[in-house]
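Chemist: sequence first, then the predicted structure:
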Amino acid sequence: MSVAARRPARQAGALPVVHVHHVSVRFGDAQVLDRVSFDLEAGQFLAIVGPNGAGKSTLVKVALGLVTPDSGHAALFGRHAGDVPERIGYVPQLKTFDRTFPATAVELVVTGLRRRWPARVRPPERNRALEALAEVGAAALADRALSRLSGGELQRVYLARALVREPALVLLDEPATGVDYLAEHDLSLLLERYQARTGATVVMVTHDLAAARYHATRALVLNSRVHGFGLPADVMCEACLQEAYGHVGHGHVPHTHARRVHS
Amino acid sequence: MTLVGELVEAFAFGFMQRALLAGLLIACMCALLGVFVVQRRLSFLGDGLAHAAFGGMGIGAFVIVVSGLSSEGAALLRNPLWIAVPFALLTGLGIAWVRDRTELSSDTAIGVFFAVAVALGVLFFSRIPPDVNIGVNVMDLLFGSILAVRGTELIIITLVAVGSITLLLTLWGRLAYATFDDELARTDGVRSRLLEYLLFGLAAVIIAVSATVVGIILMAAYLVIPAAAARLWARSMIAMTVIAVIIGTTTTALGVAGSYLFDLPTGSAIILTQALVFVIAAFTQRR
């Protein structure tokens, strides 16, 4: 069965999974987000692309309730993100955590189940964490110290943490920062597999335009304001990207053919 | 007399029992707090809040003398701690506020409050006539006087220890999560900003009560060394917490006993025993 076929059809009047309405955020003199609006339906894979400082991470943080917008509002499943944490799997940028913190991979994954740091990992929790680690190809890392993991390994552990609670929405904020191209490609494939199994919605902030075109079913081109939202083939055209970026990558738009069926 | 016989004789004295009990309670709460202080890179906080306690003790002693409580009133009211604790609490919350609302780093915020508190302490102690007995010896305040712990002080330490240990254990999972990654914890419903204010407030109360017993100058070591040594051995946060408490309490018992046997200043004996454990941990750490 194709990915698109397994996606739950949106019922008339059903709430969008992600609803962002006229969100504006200003940090000091910088207008980071300017009246950003979009709705994302269930089962989509949205890639948020844009140049550095475009407000991509801020937009994700507004959606998660980590940043309060100056105006407008955002909702996940029709509610404030803080009201539905169990339905959200978040993969932050890898640079945010304390590398000196004494912890093993399995403990981090269990935070996805317990939403607290575990003093003791109970056997059923360990089993579920091991399954999640196995799903992302990281079962061997379970008892390794986080401080000893490479960027790519950490990325998998964080993804296992996000997926262990089987969320209906996976949000990833530049998860590929500091990892190589293959690791990013693997990550996208893992997400596709998870989506195919659960029908979840995926939102990923990425700098990789080729990966966005290849894996996403929706794209949001952002540079403070929305420069395009829709099918990647439509909104990631050369003109759209040049408008958002001022230039495009190394002077060309990646002509990777969209692999997925865009509904 | 054997060493054991000497120790049995020593701990038959009430002052030694009070010293040991006070030391163990302080060691336990400081170690529990210390793991978060060390992991959050707030080691300077112990010094800062201990000096805030000094400022509070100065204000407290001055108020007691001016109000006439030094010669009459309940024992508790004659103890400047009842002003030092709220003063340290305000200082702790003030540091948390500066961290939260400005772009200044923790050590800068702590440094500012530290200096102001010492200045206030010196100012108010200097205003007390030298012939007035305020029940507080400034030298004891600086270097500690664990063997001189009185009944009222032990009651205050016990109450603070029971409250703070209960709170720290209850919030351990949330505090550890927010310490690991504040943002990630917030997405899981952990109110990390509130926790940070609570941690600073709790640290202020624990440090103010402890500093008057172990000494303002030695206070930071009590908070930092057991947790730092534990970090060198531990591979998980819970192991770090348990090991820190074991190091804190064991070195306190050894320090109190050693100070009696070898006629050493008790605070120094405890801290140097902790330092010895830290050196051993540094050479035998798990990589």
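Modeler: Now that the structure is in, tell me what you want to look at.

Chemist: so which bits of the stretch 101-250 of chain A are right by chain B?
Modeler: Residues of the stretch 101-250 of chain A found near chain B (C-beta under 8 Å from any C-beta of the partner chain) are A:101-104, A:107-108, A:111, A:114-120, A:145. For the C-beta atoms, the positions are set from N, CA and C on the backbone; glycine is no exception.

Chemist: nearest to A:Ala132 among the residues you listed?
Modeler: A:Leu108 (10.7 Å; C-beta to C-beta).

Chemist: how about the contacts made by that closest one?
Modeler: A:146, A:157-158, A:161, B:180 (C-beta atoms under 8 Å, 6 or more residues apart in numbering or on different chains).

Chemist: give me the mean pLDDT for whichever helix or strand it is part of.
Modeler: Element membership of A:Leu108 [criterion: DSSP states H and E] is helix A:105-114. The pLDDT scores in helix A:105-114 average 96.

Chemist: mind giving me the PyMOL command for buried ones among the residues of the stretch 101-250 of chain A next to chain B?
Modeler: The PyMOL selection below is limited to those of these classed as buried (16 or more other C-beta atoms under 10 Å in any protein chain shown):
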select buried, chain A and resi 101+102+103+104+107+108+111+114+115+116+117+118+119+145
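
Chemist: and the two most separated of the residues of the stretch 101-250 of chain A next to chain B?
Modeler: It's A:Arg115 and A:Ala145 that sit farthest apart of these, by C-beta to C-beta, at 22.4 Å.

Chemist: if we can go back for a sec, show me what secondary structure element comes after the helix holding A:Leu108.
Modeler: Taking DSSP H and E, what comes next after helix A:105-114 is helix A:123-135.

Chemist: can you give me the buried ones in that following helix?
Modeler: A:125-126, A:128-130, A:132-133, A:135.

Chemist: return the closest of the residues you listed with respect to A:Gly65.
Modeler: Of those, the one sitting nearest to A:Gly65 (C-beta to C-beta) turns out to be A:Ala132, at 24.3 Å.

Chemist: would you check that the closest one makes contact with A:Val164?
Modeler: Yes - the pair A:Ala132 / A:Val164 is scored as a contact, 3.9 Å apart, by C-beta atoms under 8 Å.

Chemist: okay, and the common contacts of these two?
Modeler: Shared contacts of A:Ala132 and A:Val164 (C-beta under 8 Å, 6+ apart): A:109, A:112.

Chemist: okay, now the closest residue to A:Val49 other than its chain neighbours: neighbour count?
Modeler: Leaving aside its sequence neighbours, A:Val49 sits nearest to A:Ala212 (C-beta to C-beta, 6 or more residues apart in numbering or on different chains; 5.2 Å). A:Ala212 has 26 neighbours, counted by other C-beta atoms under 10 Å in any protein chain shown.

Chemist: so where does A:Ala212 fall, helix or strand?
Modeler: helix A:209-215.

Chemist: B:Phe87 now?
Modeler: helix B:81-101.

Chemist: show me the contacts for the residue nearest to A:Val49.
Modeler: A:47, A:49, A:206, A:219, A:232, A:236.

Chemist: please apply the same query to A:Leu163.
Modeler: Taking C-beta under 8 Å, 6+ apart, one finds A:89, A:112, A:132, A:135-136, A:170, A:194 in contact with A:Leu163.

Chemist: next one: A:Arg114
Modeler: By C-beta under 8 Å, 6+ apart, the residues touching A:Arg114 are A:125, B:173.

Chemist: and the helices in chain B, which stretches?
Modeler: B:3-10, B:14-39, B:44-67, B:81-101, B:106-126, B:138-143, B:151-170, B:172-180, B:182-187, B:192-214, B:216-233, B:237-261, B:266-284 (DSSP state H).
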